[in-house]
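Novice: Kindly generate the corresponding structure for this input.
(2 chains)
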Amino acid sequence: MGNPMIELFNGALTLNRNVMLGLREAPDGVRRGFLLILFVGLLVGAVNGINDLIRSATPERTVQNLRNQVNTQMNQLVLTSNSPATADITRVVNENKEPFFTMMEELLALQTPLPRPVALVFQLLAATVSRPLSYLGWMLLGAVAAHIIARQLGGQGSIQQMVALGSLSVAPRALDALAFIPIMGGTFSMIAWVWGLVVMITATSVAHRLDVGKAAMAVLFIPLLLIVLGFFSLCMLLALLVAAVGG
Amino acid sequence: MDSIKTTFQLALGGLLLDPAAFREQRDAPDGFARGALLVALIGLLVGVAAWIGNLGVYATQPDATEFSATLYDGITSLPLYQNMVAESPEIGIAFEEAFSQPQDFGVLAAGPAQSFMAIFFTPVFALLGWFLFGSVVHIAARAFGGAATYQQTMACTALASGANLLALVQIVPYAQVAATTTLGLIATYVAVRESHQLPAWPTFWAVALGPTLLLVLLGTFFCCFLLLLVSAVA
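Specialist: Numbers count the residues shown, from 1 in each chain, chains lettered A, B, ... in the order given. This next block holds a predicted model:
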């Protein structure tokens, strides 16, 4: 008999329907789901927090990271466009970036009542404890959206069952702990996101006793609708502004 | 002491969407008073946690005057700023005016004395929010055929403030709170379901009506503002 939390974590990652059925019927399903989010969130938050701590240990190192980011973005801009506007932007950035970085270094080096390492430890703790809440917030939005459509499609699950099972979709986000790896970090996060989506669809299917097709529709309908509506709103806003300025 | 323990067990029940906690609150003769105590107590705890966290942020940030002076020196040494002032001297005048008062431009945390008032305001606003939102939810639930009394609705919706226990994370300086609003709304849905014994959709609309009306109102204001802006630009 292993640790119930690890079993739940493994069950979520392997889309184990028996584990999901057990969670659906458990009276403390929401508590177990939230504990899983806490477990994954603290792990990812701590790893990313330590990575941030290393990268920002001194003002010089913090500014060097910023400098690298700006240089990378400027190189990408120059590679993708050779218009006169791009040349102007590049010239202005190149003229101003070093005085700007000097100002940043001076601001970060200002005296504080408590020494800088204390602030860094606070930031590490904050990154660690904030991550589970961030995961919980996104999971709840996804679970509520899926629950509303699933009920319309004939789903039978309660909101508690949906929230408990939806929590399992956070398990693959453990891969976010590898986000600090150069080049591959983004790929790991993308895999985690897609895997989480698959877990959410399976979880909706189990919570509402729906087939996978309907569950996928329940999970994807509201996000896709919002994307389409957002796109049309943006187009209309731009058209309105162009008409106003042009007219 | 026992009452405090029961109150926190109820708050935890609200946080974890436990239907038994909502039913217990609905059937309790002193549910309304217990609910008010719960909302105020959680508000107070969150206020104290936020104040302690803010104290940590304040103690690890520089003095506002020094910050402002360094920022001033840094910006005025930028070639971009010097070119802009050479082209339009009024930009320089506006800049000097902005920096004539010592300020942190909203970047630094408020001092311990300034943020201390939040300890009192947080429970007051929490009680006010509970009272207003609970009343709107009760009227809507009754309109949809709900059977609970006002006291029962308020007693149950008070448990939704259990979601605010998540905001205790603010005791850690720089920590970010999330999920409290969504979880609070879900808990309110469970509260209405358990107190009024309504089917799923009427319960959903009873809870969503208040926030929806608020969003429509804000959207209307935003559109009016946008139209005014566009007409001004035109």
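
Novice: Show me what the longest helix belonging to chain B is packed against.
Specialist: Scanning chain B for the longest helix, with DSSP state H as the assignment, gives helix B:200-233. In terms of contacts (3 or more C-beta pairs under 8 Å, 6 or more residues apart in numbering or on different chains; DSSP states H and E), helix B:200-233 is packed against helix A:116-152, helix A:212-246, helix B:118-143, helix B:180-196. Glycine gets a C-beta too; all of them are placed from N, C-alpha and C.

Novice: Mind checking these for the one nearest to B:F22?
Specialist: helix B:180-196 (3.9 Å; C-beta to C-beta).

Novice: Pull the distance from that closest one to the chain's centre.
Specialist: Here helix B:180-196 is found 17 Å from its chain centre; the criterion is C-alpha atoms, centre = their mean, to the nearest Å.

Novice: now stretch A:104-112
Specialist: Between the centre of stretch A:104-112 and the centre of its chain there are 30 Å (C-alpha atoms, centre = their mean).

Novice: Looking at chain A, what residue ends up closest to chain B?
Specialist: A:M103 (2.7 Å; C-beta to the nearest C-beta).

Novice: Assign B:G106 to one of the three secondary structure states.
Specialist: coil (DSSP: H, G, I helix; E, B strand; the rest coil).

Novice: Tell me where the model's unsure across chain A.
Specialist: By pLDDT under 70, the weakly predicted segments of chain A are A:1-2, A:245-247.

Novice: that older thread, next up, the contacts around the residue of chain A closest to chain B.
Specialist: B:70-71, B:73-75, B:77-78 (C-beta atoms under 8 Å, 6 or more residues apart in numbering or on different chains).

Novice: now, which of these lie within helices?
Specialist: Going by DSSP H, the helices hold B:70-71, B:73-75 from the contacts of A:M103.

Novice: Please indicate which of the residues you listed are buried?
Specialist: Buried by 16 or more other C-beta atoms under 10 Å in any protein chain shown: B:70-71, B:74, out of those.

Novice: can you pull the pLDDT of the residue of chain B found nearest chain A?
Specialist: Relative to chain A, the nearest point of chain B is B:G74 (2.7 Å; C-beta to the nearest C-beta). Per-residue pLDDT puts B:G74 at 93.

Novice: still on that earlier bit, okay, among the contacts of A:M103, which ones form the most distant pair?
Specialist: In the contacts of A:M103, two members sit farther apart than any others by C-beta to C-beta. They are B:T70 and B:L78, at 13.3 Å.

Novice: B:A69: how many residues sit nearby?
Specialist: Neighbourhood size, B:A69 [other C-beta atoms under 10 Å in any protein chain shown]: 14.

Novice: hang on, I meant A:V78
Specialist: 13.

Novice: I am assuming it contacts A:I89, so please confirm or correct that.
Specialist: No - using C-beta atoms under 8 Å, A:V78 makes no contact with A:I89, being 9.4 Å away.

Novice: Return the set of buried residues in the helix or strand containing A:L42.
Specialist: Element membership for A:L42, per DSSP states H and E: helix A:29-55. Neighbour-count burial for helix A:29-55, counted by 16+ other C-beta under 10 Å, picks out A:29-41, A:43-49, A:51-52.

Novice: Chain B next: which of these are close?
Specialist: Among the buried residues of helix A:29-55, the ones lying close to chain B by the criterion of C-beta under 8 Å from any C-beta of the partner chain are A:30-31, A:34.

Novice: Just the pLDDT at the spatially most central residue of chain B, thanks.
Specialist: Centrality entry for chain B: nearest residue to the mean C-alpha point is B:T181, 7.8 Å, by C-alpha atoms, centre = their mean. Note for B:T181: predicted pLDDT of 94.

Novice: just how off-centre is stretch B:146-163 within its chain?
Specialist: Between the centre of stretch B:146-163 and the centre of its chain there are 19 Å (C-alpha atoms, centre = their mean).

Novice: cool, stretch B:76-87 as well?
Specialist: Averaging C-alpha positions (C-alpha atoms, centre = their mean) puts stretch B:76-87 41 Å from its chain's average.

Novice: just stretch B:52-64 next, same as before
Specialist: Distance, centroid of stretch B:52-64 to centroid of chain: 21 Å (C-alpha atoms, centre = their mean).

Novice: near chain A, anything from that stretch?
Specialist: Yes - judged by C-beta under 8 Å from any C-beta, stretch B:52-64 and chain A are in contact via B:56-63.

Novice: Please identify the buried residues of that stretch?
Specialist: Under 16+ other C-beta under 10 Å, the buried positions of stretch B:52-64 are B:52-62.
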